[in-house]
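Here is a sequence together with a model predicted from it:
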Amino acid sequence: MRPSLTFSISLIIAANLHTAIAQSSPTPAPTPVTLRSLLLSELHSTHDNAEWFTPIKAAVAGLTAEQAKWVPQNAQGKIDSSANHSVGMLAYHLVFWNENALARLRGEKPASPGNNEETFNDFDAAHWDQIVQRLDRVMKDLEAVVEKMPEEKLALKAPLISHISTHNAYHTGQILYVRKLQGSWNPENGVK
């Protein structure tokens, strides 16, 4: 046999063998991504499913009320809560805006702050545990609403739902940064 013919026959045998092996052990096709599955994935990744980054549930876990009210110093070495926020202030802000968005998604009238600073500055460390619980509850409620929302409404509300996740991810990053500055973050929980 000529070398090129031998090579061609070898390629045909290898291709047939590969096809036979692939057909004998089929792998399930991946589930196609839908708008609903994408939005739910975004909500869960910022709430309770650590994937590319640490979710909010892990970011606030184990923090005491005293730690939650700690505000980092500014560049001049002073505490300035209008420029720097505590973990509690950031969590309170997320609770406010997530509850606001949930009301909008449900067709209810959302709470309206006088200004955005109120959504940070109304934090009270005495209610830290309730804030953590409210944050978890509102995230679960958002996920449930998206799970059950009719397709047509979901398509209309998709930008709002996606922005909720982006907003949560942004402030969760701030929470982790504040905890690292404070020394209250355990790097074994996700961020080194």
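Cool, got the structure.

To what extent is the residue nearest to Pro113 when sequence neighbours are not counted buried, counted in neighbours?
Spatial nearest neighbour of Pro113, chain neighbours left out: Thr119 (5.3 Å); criterion: C-beta to C-beta, 6 or more residues apart in numbering. In short, each C-beta sits where N, CA and C put it, glycine included. A count of nearby residues for Thr119, using other C-beta atoms under 10 Å, gives 20.

name the element Thr119 belongs to?
Using DSSP states H and E, Thr119 falls within helix 118-121.

right, and the helix or strand after that helix?
Following helix 118-121 toward the C-terminus (DSSP H and E): helix 128-148.

Quick check: which ranges of the chain have low pLDDT?
1-26, 81-82 (pLDDT under 70).

and with 90 instead?
1-31, 51-53, 73-84, 111-118, 121-122, 187-192 (pLDDT under 90).

all helices of it, in order?
For the chain, the helices defined by DSSP state H occupy 3-24, 35-47, 56-60, 65-68, 87-105, 118-121, 128-148, 151-182.

where's the longest one relative to the chain centroid, distance-wise?
Okay, so that is helix 151-182. Averaging C-alpha positions (C-alpha atoms, centre = their mean, to the nearest Å) puts helix 151-182 6 Å from its chain's average.

Likewise for stretch 103-112?
Relative to its parent chain, stretch 103-112 has a centroid offset of 21 Å by C-alpha atoms, centre = their mean.
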